[in-house]
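Trainee: Sequence isn't available, so here's the structure alone:
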């Protein structure tokens, strides 16, 4: 992701990100705060979806990025 995003945006948006679980075809991702969650979901969810599908060898159709305060 760092190569796609670039170093400054990666440090700002992806620092402390946590890829938590795959529930059906939904990947839950937790970012450090609301701003980072919105930035990741708005700008990079498609790239995460593609990469996660390849890594997990399973179709990921939705990437749900939430702030860490919503971790269960």
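Mentor: Right, received. Where do you want to start? Predicted model, so just to flag it, every value in this text is computed and none were measured. Residues are numbered from 1 along each chain as shown.

Trainee: The most centrally placed residue in the chain sits in which helix or strand?
Mentor: The centre of the chain sits closest to residue 29, judged by Cα atoms, centre = their mean, with a distance of 4.8 Å. Secondary structure from DSSP states H and E places residue 29 in strand 26-31.

Trainee: Quick check: the closest residue to residue 16 other than its chain neighbours vs residue 17, distance?
Mentor: Counting by Cβ to Cβ, 6 or more residues apart in numbering, residue 32 is the residue found nearest to residue 16 once chain neighbours are left out, at 4.3 Å. Using the backbone N, CA and C atoms, a C-beta is placed for each residue, glycine as well. From residue 32 across to residue 17, the span is 7 Å (Cβ to Cβ, to the nearest Å).

Trainee: Correct me if wrong: the residue nearest to residue 16 contacts residue 66.
Mentor: No. If you go by Cβ atoms under 8 Å, residue 32 and residue 66 don't touch, sitting 11.0 Å apart.

Trainee: So which bits of the lowest-mean-pLDDT helix or strand in the chain are buried?
Mentor: None of the helices or strands of the chain scores lower by mean pLDDT, DSSP states H and E than helix 2-5, at a mean of 81. Buried residues in helix 2-5, counted by 16 or more other Cβ atoms under 10 Å: residue 5.

Trainee: so what secondary structure elements neighbour it?
Mentor: Counting contacts by 3 or more Cβ pairs under 8 Å, 6 or more residues apart in numbering; DSSP states H and E, helix 2-5 is packed against helix 7-14, helix 34-56.

Trainee: Off-centre distance for the next helix or strand after the longest one?
Mentor: Meaning helix 34-56. Next in sequence after helix 34-56, counting helices and strands by DSSP H and E, comes strand 62-67. With Cα atoms, centre = their mean, to the nearest Å as the basis, strand 62-67 stands 6 Å off its chain's centre.

Trainee: quick one, what contacts the closest residue to residue 34 other than its chain neighbours?
Mentor: Excluding the flanking residues, the one nearest residue 34 by Cβ to Cβ, 6+ apart is residue 67, at 4.7 Å. Applying Cβ atoms under 8 Å, 6 or more residues apart in numbering to residue 67 gives the contacts 30-34, 36-37.
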